[in-house]
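>>> Quick one, structure for this:
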Amino acid sequence: MKFSKKRSIAILSAALVLSLITAAFAVSAYDGTTDPIISLSYLRQFKTTEIDPQILALQNEIRALQRKITELSEAQQQTPQTPVVQTGGFVVVQLENGQKIMAGESCELILRSGTATVILDQNSGGGISDLTDGKDLQNDEAVTLNHHLLVPRDDGRGIHITSAVAFLMIKGDYTIE
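Predicted coordinates:
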């Protein structure tokens, strides 16, 4: 089998033409949207249309939260804080004339010595429960020694000391004013 020069050139030409046709078909069938390589122009367009608005929205939220934090911080600095004591059992507290115990919800009190009167806020829906006598103590009513008192809600109820010194047993949340 001898190939002539013309025949070899024809076969090579046909192979070259077939290769060119295949390459042209491959180029025309290329779909840039499924290409895993991201072009710079696509990235810039995506950043501008998708990412930048989200960044701007988050920056606006951050500014709003920072303003809120500043407002709350300023308000907290202007409001004097009274210490709240939380206890698990009864503690003995010594108070002087004019001092007040403002009781939290479910606070229990027992006046051990001295004298005191009940304090009620205008908006209180009742008094302080005297569990020993089974009655409701009202505003400015005297507290009896060794009676077990219960404050139902944290709404401005407490005890005002009227003697030089008084000792109370307290269980629960309270503030001393």
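>>> Tell me the spacing between residue 9 and residue 21.
18 Å (Cβ to Cβ, to the nearest Å). Glycine gets a C-beta too; all of them are placed from N, C-alpha and C.
>>> Also residue 102?
Taking Cβ to Cβ, one finds residue 102 at 94 Å from residue 21.
>>> what about the two, which has more around it?
Counted by other Cβ atoms under 10 Å, residue 102 and residue 21 do not tie: residue 102 has more neighbours, with 21 against 10.
>>> Surely that one and residue 158 touch.
Yes. The pair formed by residue 102 and residue 158 meets the contact definition of Cβ atoms under 8 Å, at 4.1 Å.
>>> overlap in contacts of those two?
Residues touching both residue 102 and residue 158 by Cβ atoms under 8 Å, 6 or more residues apart in numbering: 119, 174.
>>> any weak-confidence spans in the protein?
Low-confidence segments of the chain (pLDDT under 70): 1-3, 27, 29-38, 78-88.
>>> Show me how this protein divides into domains.
According to automatic domain parsing, the chain comprises the domains 36-81, 91-176.
>>> moving C-terminal of the helix ranked longest in the chain, what's the next helix or strand?
Ranked by residue count and defined by DSSP state H, the top helix of the chain is helix 52-78. Heading C-terminal from helix 52-78, the first helix or strand you meet, by DSSP states H and E, is strand 91-96.
>>> could I get the helix or strand just after that following strand in PDB with only the CA atoms?
Toward the C-terminus, strand 91-96 is succeeded by strand 100-103 as the next helix or strand (DSSP H and E). Taking Å, rounded to 0.1, in the frame of the first residue of the first chain, the C-alpha atoms of strand 100-103 are listed here in PDB:
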ATOM      1  CA  LYS A 100     -37.100  52.600 103.700                       C
ATOM      2  CA  ILE A 101     -37.200  49.000 102.500                       C
ATOM      3  CA  MET A 102     -38.800  48.800  99.100                       C
ATOM      4  CA  ALA A 103     -39.700  45.100  98.600                       C
END
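>>> Could I get the domains of the chain in CSV, plus columns for distance to residue 14?
Below are the domains of the chain laid out as CSV (distance: least, Cβ to Cβ, whole Å):
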stretch, distance to residue 14
domain 36-81, 34
domain 91-176, 98
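>>> and the ones you listed, which is most packed in?
Most buried of the domains of the chain, by mean neighbour count (mean count of other Cβ atoms under 10 Å): domain 91-176, with a mean of 17.
>>> pretty sure residue 157 is touching residue 151, no?
Yes. Contact criterion Cβ under 8 Å: residue 157 and residue 151 qualify, at 5.0 Å.
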